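Asker: Return atomic coordinates for the entry below.
(one chain, ligands or ions: 1)
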Amino acid sequence: MKIVVIGGTGLIGSKTVAILRQGGHEVVAASPKSGVNTITGEGVKEAMTGAGVVIDLANSPSFEDKAVLEFFETSGRNLLPAEAAAGVRHHVALSIVGTDRSDNGYFRAKVAQEKLIVASGIPYTIVRATQFMEFLGGIADSGADGNTVRLPPILFQPIAADDVASMVAEVALAAPRNGIVEIAGPDRAPFNEIVARYLKTASDPREVLSDPEARYWGGQVETYSLVPLHEARLGRIGLEEWFRRSKAGA
Ligand SMILES: NC(=O)c1ccc[n+]([C@@H]2O[C@H](COP(=O)([O-])OP(=O)(O)OC[C@H]3O[C@@H](n4cnc5c(N)ncnc54)[C@H](OP(=O)(O)O)[C@@H]3O)[C@@H](O)[C@H]2O)c1
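Answerer: Predicted coordinates:
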């Protein structure tokens, strides 16, 4: 079966492409570098020819509120009609746990992406993941002010990119749910504790403070905003294991 992975060169995309190719599938790793651009529309129609499944793992080059909303809306408007015209039988997209429970600009853009998918008429599965462990450094930087990192006092349950990719690949090969599947890492702990552990592993001297006034990427969050509220599929790679691996790879 031909599977097109939009954003197939990215963090999750490249791992997903490798897993599916190992399973013997014909996989197109689509991205602007390979001549498929969901913003300009270049190469989109051609990439869809003969595809049974499309997995959208693209991300916006800019996380600025307006730019990211424009990215996911334009991308969906170019991609989904091309998939419908080509008779794609399953559209899979990667979204974020709690994306409809906070008011930050990035989450709003992911909600817009999800709405376009639901309205497209194409059988779909939306995989909502918690934050990637690989994103911990970016999160620390987002709350940093000099030598202090301020984070809201909420629960956190990040997932390793390897686990995300294997679950996305599995979902893509299964029947469309026409709904949402939530995935998360195996360990849940206070936000500040996890980020402090990450910084310690990275020998980063910044101090992490739990601050009720702090926001998450500009958005207000509460205790359970970023963790699954109901049953979620859990990854295999725990925080300790991921810290160990990332230290070994550093
Ligand atoms: N970060 C998190 O914690 C988190 C949590 C849950 C869900 N997600 C979602 O996971 C998805 C994948 O994230 P990621 O970190 O793997 O992304 P990433 O590493 O930043 O990769 C982005 C990919 O998108 C491609 N791309 C950019 N502009 C494009 C365009 N105009 N047309 C087609 N492809 C384009 C890039 O292609 P080039 O290589 O050619 O530039 C690259 O392959 C995103 O949708 C994100 O919202 C993220």
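Asker: Every contact and neighbour count from this point should use C-alpha atoms.
Answerer: Noted.
Asker: Not counting the top helix by length along the chain itself, show me its contacts.
Answerer: Counting residues, the longest helix found in the chain (DSSP state H) is helix 65-86. Helix 65-86 is contacted from outside by 38-39, 41, 44-45, 48-51, 54, 60-62, 104-106, 108-110, 112-113, 116-117, 120-122, using CA atoms under 8 Å, 6 or more residues apart in numbering.
Asker: Can you list the buried residues in that helix?
Answerer: 67-80, 82-84, 86 (16 or more other CA atoms under 10 Å).
Asker: swap in stretch 206-225?
Answerer: So for stretch 206-225, counting by 16+ other CA under 10 Å, buried means 206-210, 214-217, 220-221, 225.
Asker: residues in contact with the nearest residue to residue 27 once chain neighbours are set aside?
Answerer: In this structure, residue 27 finds its nearest non-sequential neighbour in residue 3, 4.9 Å apart by CA to CA, 6 or more residues apart in numbering. Applying CA under 8 Å, 6+ apart to residue 3 gives the contacts 25-28, 51-55.
Asker: Repeat that for residue 188.
Answerer: Residues in contact with residue 188, defined by CA under 8 Å, 6+ apart, are 155-158.
Asker: Among those, which are located in strands?
Answerer: 155-156 (DSSP state E).
Asker: Packing partners of the one helix or strand residue 113 maps to?
Answerer: Element membership of residue 113 [criterion: DSSP states H and E] is helix 105-119. Helices and strands touching helix 105-119, by 3 or more CA pairs under 8 Å, 6 or more residues apart in numbering; DSSP states H and E, are helix 65-86, strand 90-96, strand 124-129.
Asker: Including mean pLDDT and distance to the ligand, could these go into TSV?
Answerer: What follows is the helices and strands packed on helix 105-119, written out as TSV (pLDDT from 0 to 100; distance: least, CA to the nearest ligand atom, whole Å):
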stretch	mean pLDDT	distance to the ligand
helix 65-86	98	7
strand 90-96	98	4
strand 124-129	98	5
